[in-house]
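In: Sequence first, predicted model second:
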Amino acid sequence: MIDIKLIRDETEKVRKAIRDKNIACDLDRLIAVDDRRRAIQQEADQLRQQSNELSNQIGLYKNPKGKWYQDALAKGTTADQLKAEGDKIQADSARIKQRIKELEEEEKTIADDFRALMLTVPQIPSAKTPIGKNDTQNVEVRRVGEPRAFDFEPKDHVQLGKDLNIIDIERGVKLAGTRNYLLRGAGTMLHQAVLRLAMDLIIERGFEPMTVPVVVRDEMMYGTGYFPGGEEQAYRCERDAKSLVGTAEVSLTAMYGDEILDEAQLPIRLAAVSTCFRREAGAAGKDTYGIYRIHYFEKVEQVVLCKADEAESEKHHHAIIANAEAVLQKLELPYRVMMVCTGDMGQGKVEMYDIETWMPSRKGYGETHSASRLGEFQARRLNLRYRGADKKTYFCHTLNNTVIASPRILIPILEQYQNADGSVTVPEALRPYMGGLSVIAAR
RNA sequence: GGAGAGGUGGCUGAGUGGUUUAAAGCGGCGGUUUGCUAAACCGUUGUACGGAUUAAUACCCGUACCGGGGGUUCGAAUCCCCCCCUCUCCGCCA
């Protein structure tokens, strides 16, 4: 959500953002609804003021315990006279109350419209963000490491996983349907090792390790911007009005919602490993092979809540990207950093980078990380604020990025580290987490 | 899942229908005093929206807010209904 004042004052900028991001949002209607909303509020507030004044007067005439009433009696006014006067004012009051009631009814429907429309307004992308329709127009920022040249015919991760008996897709599908899998033995160890490596690195870099709920109230899904729009992508628990999160970002970002933090507490840097659940509705037929696009996975996520300051926010953005790159460098995996264009970045983002890791079987880079800077978009929805040194309240800026997501990251690891004999060398950085195991071989 | 007790400002806590703004204390902020600190004393105190006026998100005016939503009433923190949450006991359970 962005500031309605900004929408009114800088309408053209917002209009451009809607176009560039290709988002369905009726600004003219929003502004018309807001006009009406303001008019109603003004009239209703005035009438409420009158009504409050009349009520206080009636109170004087009708409250025998009151001092004013006692004084009036002492001056010789009779109880009947007081009652008659009170009744007269009450009649006036009734007329005003009737009009207030009408206004309140309209206020309610207009407020609902207003809220619904506000939720569709996009965040304005940064000036640096390339304008484009979809991911083909994302811009490469840098490339690190060289894809390996094989002197034998390499297998893909599905074949490796099967031959080494560490990934069992068939039984995963038997248990839970398409896009499910089992990891076993060294596969599970590798998966856990990667998560531990990422967690240790992010803790070392000053992030607080967290354990957070993965089933959250719908409110948090709206607050972080996944709803409205992403309902089909989430597993929803209808009976409880809750949803399974697709990322720990939701819980980490929303945890301070409805609070006013102290500026001195900021930045707050949090990291959590959690299971992520995604329905992948609308992705039918896309990336169906292997464990690239699946219904559940584990992810270490980093979240930063900072001051409402563009420069500071940008600094943290670069830092969380560097954190993710550090993990890939430890794993010695080749990757590239992409700046995501307007059409691919999503409603709430100010700026967004994806990191794509080289995956031999795809003969290309596949997305493994996504780093977003959202300005106050989520904070407004979550009512997540802080008190500045000047004692005023501001909405925080929020950022998030993957540290590592597994088993997707196992695709490049298995494929890049495979040997001619069908075994897979364990990356140096993971060996301490695997009891020193250096090679995964068929048994 | 069953029974009961609760939810009041940054915090503690009073307040069961009406005397302008929710008592009081703590904390915070400002000040006086002071070699410095502390103590004492005085003053001050939230959020959101709107209006008026602006250099201003300062000052002023109004409205709403006592977990959330509805209702009763001329008038609700207070009475009624629904929901959420917390605590206690019981049951179940990793």
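Out: Cool, the structure landed.

In: Quick check: phi and psi at the nearest residue to A:V337 once chain neighbours are set aside.
Out: In space, and not counting its chain neighbours, A:V337 is closest to A:V141: 4.5 Å by Cβ to Cβ, 6 or more residues apart in numbering. All C-beta atoms are positioned from the backbone trio N, CA, C, and that covers glycine. Torsion angles at A:V141 (phi, psi; degrees, to the nearest 10) stand at phi -100, psi -40.

In: I'd like to know how far A:V141 sits from A:E356.
Out: Distance of A:V141 to A:E356, computed by Cβ to Cβ, to the nearest Å: 11 Å.

In: Find residues that contact each of those two.
Out: With contacts taken as Cβ atoms under 8 Å, 6 or more residues apart in numbering, the residues that reach both A:V141 and A:E356 are A:R336, A:V337, A:M338.

In: could I get those as a markdown table with secondary structure, distance to A:Q347 and pLDDT?
Out: Formatted as a markdown table, the shared contacts of A:V141 and A:E356 follow (DSSP: H, G, I helix; E, B strand; the rest coil; distance: Cβ to Cβ, whole Å; pLDDT from 0 to 100):
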| residue | secondary structure | distance to A:Q347 | pLDDT |
| --- | --- | --- | --- |
| A:R336 | strand | 25 | 98 |
| A:V337 | strand | 22 | 98 |
| A:M338 | strand | 19 | 98 |
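
In: Which single residue in the stretch 151-300 of chain A comes nearest to RNA strand B?
Out: At 6.6 Å from RNA strand B, A:I260 is the closest residue in the stretch 151-300 of chain A, using Cβ to the nearest atom of the strand.

In: which non-adjacent residue is nearest that residue?
Out: Nearest in space to A:I260, with sequence neighbours left out and distances taken as Cβ to Cβ, 6+ apart, is A:R385 at 4.9 Å.

In: Am I right that the one you found is in contact with A:Y394?
Out: Yes - taking Cβ atoms under 8 Å as the definition, A:R385 is a contact partner of A:Y394 at 6.3 Å.

In: Which one's more surrounded, the two?
Out: A:R385 (21 against 18; other Cβ atoms under 10 Å).

In: how far away is that one from RNA strand B?
Out: Computed as Cβ to the nearest atom of the strand, to the nearest Å, the A:R385 to RNA strand B distance reads 7 Å.

In: re the thing from before, ok, the residue nearest to A:V337 - how many residues close by?
Out: Residues lying near A:V141 (other Cβ under 10 Å) number 13.

In: contacting residues for it?
Out: So A:V141 contacts A:R336, A:V337, A:M338, A:M339, A:Y353 (Cβ under 8 Å, 6+ apart).

In: Can I get the residues you listed in a markdown table including distance to RNA strand B?
Out: A markdown table is the format used below for the contacts of A:V141 (distance: Cβ to the nearest atom of the strand, whole Å):
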| residue | distance to RNA strand B |
| --- | --- |
| A:R336 | 41 |
| A:V337 | 35 |
| A:M338 | 36 |
| A:M339 | 31 |
| A:Y353 | 31 |
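
In: how about the nearest residue to the residue in chain A that RNA strand B sits nearest to, chain neighbours excluded?
Out: RNA strand B sits closest to A:G59 of chain A, with a gap of 2.9 Å, by Cβ to the nearest atom of the strand. Among residues not flanking A:G59 along the chain, A:G66 sits closest, at 7.1 Å (Cβ to Cβ, 6+ apart).

In: re earlier: distance of the residue nearest to A:V337 relative to A:A284?
Out: Note on A:V141: its distance to A:A284, by Cβ to Cβ, is 32 Å.

In: Give me the local confidence score for the residue nearest to A:I260.
Out: Here, the pLDDT recorded for A:R385 equals 87.

In: For it, list the residues it contacts.
Out: Each residue near A:R385 by Cβ under 8 Å, 6+ apart is listed here: A:E259, A:I260, A:L261, A:A379, A:T393, A:Y394, A:F395, A:C396.
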